[in-house]
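Asker: Got a predicted model here, sequence first, then my questions.
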There are 8 protein chains.
Amino acid sequence: MRDDKQFYNLDTKRKSRRLFGEVVYGENKAPAHLKACIEGLLEAQGDVLITRLAPETYEKLGELKERLDYDPLSETALAGTKKEPVGSVAVVTAGTSDGKVAEECARSLAYFGVKAVPFYDVGVAGIHRLFERIDAIGGCDAIVVCAGMDGALPSVVAGLVSVPVIAVPTSVGYGASFGGVAALLSMLNSCAEGVAVVNIDNGYGAAYMAAEIVYAIHQKTRQSVSDKKA
Amino acid sequence: MRDDKQFYNLDTKRKSRRLFGEVVYGENKAPAHLKACIEGLLEAQGDVLITRLAPETYEKLGELKERLDYDPLSETALAGTKKEPVGSVAVVTAGTSDGKVAEECARSLAYFGVKAVPFYDVGVAGIHRLFERIDAIGGCDAIVVCAGMDGALPSVVAGLVSVPVIAVPTSVGYGASFGGVAALLSMLNSCAEGVAVVNIDNGYGAAYMAAEIVYAIHQKTRQSVSDKKA
Amino acid sequence: MRDDKQFYNLDTKRKSRRLFGEVVYGENKAPAHLKACIEGLLEAQGDVLITRLAPETYEKLGELKERLDYDPLSETALAGTKKEPVGSVAVVTAGTSDGKVAEECARSLAYFGVKAVPFYDVGVAGIHRLFERIDAIGGCDAIVVCAGMDGALPSVVAGLVSVPVIAVPTSVGYGASFGGVAALLSMLNSCAEGVAVVNIDNGYGAAYMAAEIVYAIHQKTRQSVSDKKA
Amino acid sequence: MRDDKQFYNLDTKRKSRRLFGEVVYGENKAPAHLKACIEGLLEAQGDVLITRLAPETYEKLGELKERLDYDPLSETALAGTKKEPVGSVAVVTAGTSDGKVAEECARSLAYFGVKAVPFYDVGVAGIHRLFERIDAIGGCDAIVVCAGMDGALPSVVAGLVSVPVIAVPTSVGYGASFGGVAALLSMLNSCAEGVAVVNIDNGYGAAYMAAEIVYAIHQKTRQSVSDKKA
Amino acid sequence: MRDDKQFYNLDTKRKSRRLFGEVVYGENKAPAHLKACIEGLLEAQGDVLITRLAPETYEKLGELKERLDYDPLSETALAGTKKEPVGSVAVVTAGTSDGKVAEECARSLAYFGVKAVPFYDVGVAGIHRLFERIDAIGGCDAIVVCAGMDGALPSVVAGLVSVPVIAVPTSVGYGASFGGVAALLSMLNSCAEGVAVVNIDNGYGAAYMAAEIVYAIHQKTRQSVSDKKA
Amino acid sequence: MRDDKQFYNLDTKRKSRRLFGEVVYGENKAPAHLKACIEGLLEAQGDVLITRLAPETYEKLGELKERLDYDPLSETALAGTKKEPVGSVAVVTAGTSDGKVAEECARSLAYFGVKAVPFYDVGVAGIHRLFERIDAIGGCDAIVVCAGMDGALPSVVAGLVSVPVIAVPTSVGYGASFGGVAALLSMLNSCAEGVAVVNIDNGYGAAYMAAEIVYAIHQKTRQSVSDKKA
Amino acid sequence: MRDDKQFYNLDTKRKSRRLFGEVVYGENKAPAHLKACIEGLLEAQGDVLITRLAPETYEKLGELKERLDYDPLSETALAGTKKEPVGSVAVVTAGTSDGKVAEECARSLAYFGVKAVPFYDVGVAGIHRLFERIDAIGGCDAIVVCAGMDGALPSVVAGLVSVPVIAVPTSVGYGASFGGVAALLSMLNSCAEGVAVVNIDNGYGAAYMAAEIVYAIHQKTRQSVSDKKA
Amino acid sequence: MRDDKQFYNLDTKRKSRRLFGEVVYGENKAPAHLKACIEGLLEAQGDVLITRLAPETYEKLGELKERLDYDPLSETALAGTKKEPVGSVAVVTAGTSDGKVAEECARSLAYFGVKAVPFYDVGVAGIHRLFERIDAIGGCDAIVVCAGMDGALPSVVAGLVSVPVIAVPTSVGYGASFGGVAALLSMLNSCAEGVAVVNIDNGYGAAYMAAEIVYAIHQKTRQSVSDKKA
């Protein structure tokens, strides 16, 4: 059988090329490969984020478990020194059942060093819940909206704010929701502008995009301040 | 070649079985067959409604044209004595481009003897337009909502009213709207209850369903009044 | 980990805005969140309906189980005072296998205070079973038809009655039924008018729509009686 | 440019291997290739059937036109001596708009030497039209049912007869009929047994299958008669 | 909870209307309903066929098991007096993995009193296996071809015979076979005529159609013989 | 016929609520409605952008044409005072054929007052063309990548930069590109993070999202400068 | 309006990196851009191939037309010195209607300097046509098989030869062929090994792949000969 | 119950007709049938390869297990004398999670007597990993690229080499990857030429195609050497 080391090829220099280092996708990996990836990145980068780490996979990690901050709802694990958060991202959900995806987003933001502000269960079936919070939501640097079923919430939010909305379709629903496809299509066809979409249930991907926006604001701000000061 | 009369089989007694008589679907019919169907029903029923009657097909109807009230936007034609309208149905659209489908609905309602109240271009991109009219919309006996793109409007409307919402996905949009499929799926997955859906662009079908609801209310009302009076 | 209370946001005032209060969707919720939603609504509304409550989830509800009237076939639970039913809705199924969805509908109607009249296993493979009952079916205020496989039954029923038909595609079937998609498409394309469709297996949604129709008839009737009397 | 003769390869001996000779599919062929195929088969077989021969393509056939019996509704052409028909096949349509496909079937049957009996426009929206004719339909050797939209008719017919039903979904309909897909899926999932399906709008294919059934009955009958007589 | 008897409605007179009596579909039925259906039909008809009866469901049937001839591969059960077979149907498979569907077909044919002749594992990857048997296959009254993956076998068979081919797509395959959709589409588009298709994995439906063809030949034969003799 | 004014409902106050005013979608509108929308917004807002304005529709605008800056490639028209651009957005295309969509984006950015920097025809078939420009691309505030066919370019770009990538699938391609679906799915599944997706061919939507990001950077920068200075 | 030169970016050094130079895709390009691409590559490479060049687009090329060898059936144009062909590729079609795609392949092979051997119209409906030619087909270096409808031919061919088969699904067919999807899926699921698939109607892509195989054989052969000689 | 021997029909002479003997597909076979197929081929051919042999199926093989070289990651088993490898095929993966499919390919190549050279985890998210290895990859006789998610890697590889690329979409990914469909479509639409595609997760099929290419080079080389020497 092939040597385990032939299966992976860590991109330990990613931080020098991009904003953040390599993150481990926890699905479909043999336990030995998964463990080696986590340990390798933790050593090279000083911190690591693992997504899609199901509880039964987590249990197979042995002693490595002790070094990880694991959350079974979002199936994410973090390790390494925490960053002081900059900026703010509103993480909005249509319903309680979208919480799993929202937390994958919120915890990824924490790992990236960005503040996540939760606004959960404010879907259009009881739209007053959204209106009561819309100023706080629109005051963040970017907005992530997680919704399944009809996927209508991002359109409504985007029509009321001036900051970018990143829409995350969730697989919540049944029948003709087709595992999130209904919400995905709804979001791609948002009649309100300012919505861009990531993959179904991809809370992590939304966090990355939002973090890039926050860093762009933050870094340019500092730069321009330095420039002006100079 | 086969005799034209072998191709159709008018259901001239439909009014005795159902609420309304047979209606002519104007597409995919040879002109001779179409003409014969219109004339046959007009004679048997005293009135007739033709849907999906494209302008170029209408032009082929010859002298029959003079007997028809034709509207090129909705591609519908009516003939026969008009009924005094009962009840009221709100016909709501998300955008101006949905007008074609909404008018198919409104004119069908007129043919059925039901009052159609238009609330056009009140989509969620400028949601205050809806809120300003929601009491008038919710005060009707039933609501038809026509929307393309994200199909989000029926969910929002249904969350704010107590009467049945019939949702009509329209083929307005492009790309991943897939000719109305995105709106259709969104509506089938409405997170607000009280929404049922008809086929894409089927303004006529929504009108029929709404008219059945209005008649049920109207007839029962009269009955109960008679009962009480007796 | 995030405080459980941040995950839900009960809409306890929904009854003042709509016909019925908030209902709990039992899937995809962490047990602690589900329990809190049921208890919160029961307290605020005096009654509650839970749908999609699988037996294994029900078992996790602890003492709360004693307060619930649970039916494992339909996976629904009710709590609170029962209403005296008004009106009548025919609940029709094509086959015995559609019983699960039909019962979700019938029990939801009971919760809404509407009488459900069952006509089960009358599909078109033995169409005389339908014809023997069509007068009783057509005499109800509204009709819910649940069918999988070819989804042909709503078309046949609608062609014979004058009241609205709400069609529920069920996921009964195999192969190219695609989990109810064949029935869904068939129903959306019903050649008989007066059919509107809800999501696959959505017996609850059909019940809500039917109840709105029954209430509209009932309330208007009472109003008009009062008006006339006055 | 390549010599035209390299593009086709007539199967002039097909009649020795199968029940009928090669038939020309009129679409997507360069006019020179199409003409050569028709002429070659006419010479080799003594007769020929061309399907999917659009009027504008037919016009390009020049003098060959005079040798063809062309029907623009069904877009079929026949040439050669007609056969005395044996057996009988009921050709049933749900609506007038399905006539084009039904005539492709009926004319193919005529070419194969089988009697086609038309029962057009007897769809389930006015189901009494079907019941009045069901004995005549069920008395044929086989039944072809053409239907678009909900595709419900084959299920209803099959539930009432003892002979094989060949279902032809037609592309009649709009929106979520998806060019005949809704009818196709409905037919594949027929809750009544004894239905097999051919491609959308494939009246010709249904005729071929039905003719094979008729010939099987007819030939075996003659054989068994000869056997017994011997 | 609702009385079990309200859930089913046996069509015990089906044999008087169609060729065969009602058959029980074993999926998605509560055990009590399933048992009652089997017992009711056995009593009324003297025999019964149950399809899609998974081993774990079979085990729940209690004492009824002793009255059934159960085959776990095809998941079918039969009860009642066996019929003397008439005619013959070739049951052909592309590969060994299609055996489950083929046996559902063969056992249903046995129940219907028709002889099934197996030709298994003769797919186009080793096409000589087919050619060695094609005369025997083509000598049957009808042919059922079961194939998954590319679904190419029915086209090849039909091009070599003069009897009707009923094609059964099977869900054998992976990836872009999409549970039998690839084979289904291939079969619907057969370039050889004389192929009609039933639902994916529907061996039973193919048997029914084939049996109708065999009976049509057999009955007419006897009739014509009687006619001639008289 | 209904008065034209009932069909539209301009949201003339949108600029007060969002970053930019209402934009006119030029498809599916009756010419009278389209003209009225353009004129109404031009008057209320002082400027206007029209997208999806096909040349033949543009020709129907009469005298209004003179007030519009029309580009037939991108099918966009602008009117009103131009803004001094802030920030910069890289507009990248995979091939020359994507130019239509890219120009819809670039001209929308111009209307929004943001600088668009074109990097066209740098797809992965000749990937050195991208690498030669990657520093310039990554130095912009945001990146819009338009690609059809395999949609691979956004993944490659995102893997090399630290700013947000907005991916626009285009309908360039044939066969199994399905009008842009292949590219859309590829982009939603980007293995490099930092990609969010808009609808197929939606250059305008990408521009809006990018402009929101640029304004966020720009406004915060100015604020922070003011803060520091104060 | 943007300068035309900004829209394209010729990869004139492709021949140094790959086996062949850049080829022009003739669809979706503005005429000025198309012309510039052809001229630029002709100058840089000495020859050029244009695919998907519809006759009406070709007509817009002005004087450039005289330098092109244009074939309207395959919609391809070539220019520059012809190469002496090496190796051989069998180009097989199921039917005459697939000729357009096959010729795109054959002419591309000619441009690449590879001999194309045509075997057209040998589909499985008359499978003896294939068997008569299978030795000649299997004797080529590689095989391209073009087929629409059921797409069964590549499976049959691959089961009989020892050289790689490149399958090209064509959009020939109707109804549930879905523009070539049925053939595509059939080919991806070939039960005979040794089949790989290119995009629907992509005769050019198949030619490229086949040419790479031929060159690999040819070059290695020459190398090994030189090696041995040395 | 039917005799097991009727279910299979080994093609023991396949090696005389094709390059390699029959291979056993381990899914969907009854254990007795599976065992008999393996033993029969092992006896007739002297070696055998089994694919899709899940660990739990492997466990059911009893004593036969001892004769097999089984790898649980790739779910393949080999038996018989190993061949001395000829040529070389690069087996490339985008990520560690694609290892399972890549190993099915590599082990099949070993069985076919071809050298597999692994280049794993070199996806476009860290594209420098690919560039560092591109010369070694391009120096092989053929290249197999396995990728899930966006399926972008084969396009990038093909744009940089002169040998054929066989792309294997893998089912790695979630949400809108649809079990490998996103990668499949991306690969079919590769903007770089020289890519042909096999079924999702079909590492074995890619190995077969690659081996045919290697053998073609190898055999012709030897032939031409012999020719020259003669």
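Answerer: Noted; the coordinates are in hand. Numbering: from 1, shown residues only, chains lettered A, B, ... in the order given.

Asker: Report the contact partners of residue A:140.
Answerer: Residues in contact with residue A:140 (Cβ atoms under 8 Å, 6 or more residues apart in numbering or on different chains) are A:87-90, A:117, A:163. No exception for glycine: its C-beta is placed from N, CA and C like everyone else's.

Asker: Would you list the phi and psi of it?
Answerer: Dihedral angles phi and psi of residue A:140 (degrees, to the nearest 10) take the values phi -80, psi 170.

Asker: can I assume residue A:50 sits in a strand?
Answerer: Yes - assignment of residue A:50 by DSSP: H, G, I helix; E, B strand; the rest coil places it within a strand.

Asker: That one and residue A:26, how far apart?
Answerer: Distance of residue A:50 to residue A:26, given as Cβ to Cβ, to the nearest Å: 5 Å.

Asker: Common neighbours of these two, please.
Answerer: residue A:77.

Asker: any idea of the pLDDT on residue A:80?
Answerer: In the predicted model, residue A:80 carries a pLDDT score of 90.

Asker: residues contacting it?
Answerer: A:42, A:45-48.

Asker: So which of the residues you listed sit within helices?
Answerer: A:42, A:45 (DSSP state H).

Asker: Just the buried residues from the contacts of residue A:80, in PyMOL please.
Answerer: In PyMOL syntax, the buried subset of these is picked out as below (16 or more other Cβ atoms under 10 Å in any protein chain shown):
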select buried, chain A and resi 42+45+48
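
Asker: Return the member of the contacts of residue A:80 nearest to residue H:32.
Answerer: Residue H:32 lies nearest to residue A:48 out of these, by Cβ to Cβ, at 48.8 Å.

Asker: Could you check the pLDDT of that closest one?
Answerer: 96.

Asker: Pull the residues that contact stretch A:37-52.
Answerer: By Cβ under 8 Å, 6+ apart, stretch A:37-52 touches A:8, A:10, A:12, A:15, A:21-27, A:29, A:61, A:64, A:67-68, A:75-81, A:104, A:108, A:111, A:204, H:96, H:174.

Asker: Could you pick out the buried ones from these?
Answerer: Listed as buried from the contacts of stretch A:37-52 are A:8, A:10, A:21-26, A:29, A:61, A:64, A:68, A:75-80, A:104, A:108, A:111, A:204, H:96, H:174; burial here means 16+ other Cβ under 10 Å.

Asker: Run a quick neighbour tally on whichever residue of chain A sits closest to chain H.
Answerer: Relative to chain H, the nearest point of chain A is residue A:200 (2.9 Å; Cβ to the nearest Cβ). For residue A:200, the neighbour count with other Cβ atoms under 10 Å in any protein chain shown is 24.

Asker: Can you check the pLDDT for it?
Answerer: 98.

Asker: mind giving me the domain split of chain A?
Answerer: Structural domains assigned to chain A are A:4-80, A:86-218, following automatic domain parsing.

Asker: and the closest residue to chain C within chain A, what does it touch?
Answerer: Here chain A gets closest to chain C at one residue, residue A:175, 2.9 Å apart by Cβ to the nearest Cβ. By Cβ under 8 Å, 6+ apart, the residues touching residue A:175 are B:188-189, C:169, C:171, C:179-180, C:184, C:199-202.

Asker: And these, which is closest to chain A?
Answerer: Of the contacts of residue A:175, the one sitting nearest to chain A (Cβ to the nearest Cβ) turns out to be residue C:200, at 2.9 Å.

Asker: Surely that closest one forms part of a strand?
Answerer: No - Residue C:200: not assigned to a strand; according to three-state DSSP it is coil.

Asker: Ignoring the adjacent residues along the chain, who's closest to it?
Answerer: residue A:175 (2.9 Å; Cβ to Cβ, 6 or more residues apart in numbering or on different chains).

Asker: Which pLDDT value belongs to residue A:225?
Answerer: Confidence score, pLDDT, at residue A:225: 48.

Asker: Same question for residue A:17.
Answerer: pLDDT, residue A:17: 89.

Asker: now swap in residue A:221 and tell me
Answerer: 56.

Asker: what's around the closest residue to chain F within chain A, how many residues?
Answerer: Nearest to chain F, among the residues of chain A, is residue A:196, at 3.5 Å (Cβ to the nearest Cβ). By other Cβ under 10 Å, the residues close to residue A:196 number 31.

Asker: residues contacting it?
Answerer: Here residue A:196 is in contact with A:164-167, A:209, F:166, F:196-198, F:205-206, F:209 (criterion: Cβ under 8 Å, 6+ apart).

Asker: and what of residue A:167?
Answerer: A:144-145, A:147, A:151, A:154, A:187, A:190, A:195-198, A:206.

Asker: Filter those residues down to just the ones in helices.
Answerer: Those of those lying in helices (DSSP H): A:154, A:187, A:206.

Asker: which of those tops the neighbour count?
Answerer: Neighbour max across the ones in helices among the contacts of residue A:167 (other Cβ under 10 Å) = residue A:187, 34 neighbours.

Asker: so the residue lying closest to it once chain neighbours are set aside, which of the three states?
Answerer: Excluding its sequence neighbours, the residue lying closest to residue A:187 (Cβ to Cβ, 6+ apart) is residue A:167, at 4.1 Å. Three-state call for residue A:167 (three-state DSSP): strand.

Asker: Show me what from chain A comes close to chain B.
Answerer: A:94-95, A:123-127, A:148-152, A:155-156, A:159-160, A:173, A:175-178, A:181-183, A:185-193 (Cβ under 8 Å from any Cβ of the partner chain).

Asker: burial of residue A:95, as a residue count?
Answerer: 26.

Asker: wait, I meant residue A:170
Answerer: 30.

Asker: so it makes contact with residue A:200?
Answerer: Yes - with contact defined as Cβ atoms under 8 Å, residue A:170 and residue A:200 form a contacting pair (6.9 Å).

Asker: Please enumerate the shared neighbours of those two.
Answerer: A:180, A:183.

Asker: Chain A: strands as residue ranges?
Answerer: A:24-25, A:47-51, A:69-71, A:76-80, A:86-93, A:114-119, A:142-147, A:165-169, A:195-197 (DSSP state E).

Asker: Understood, closing this out.
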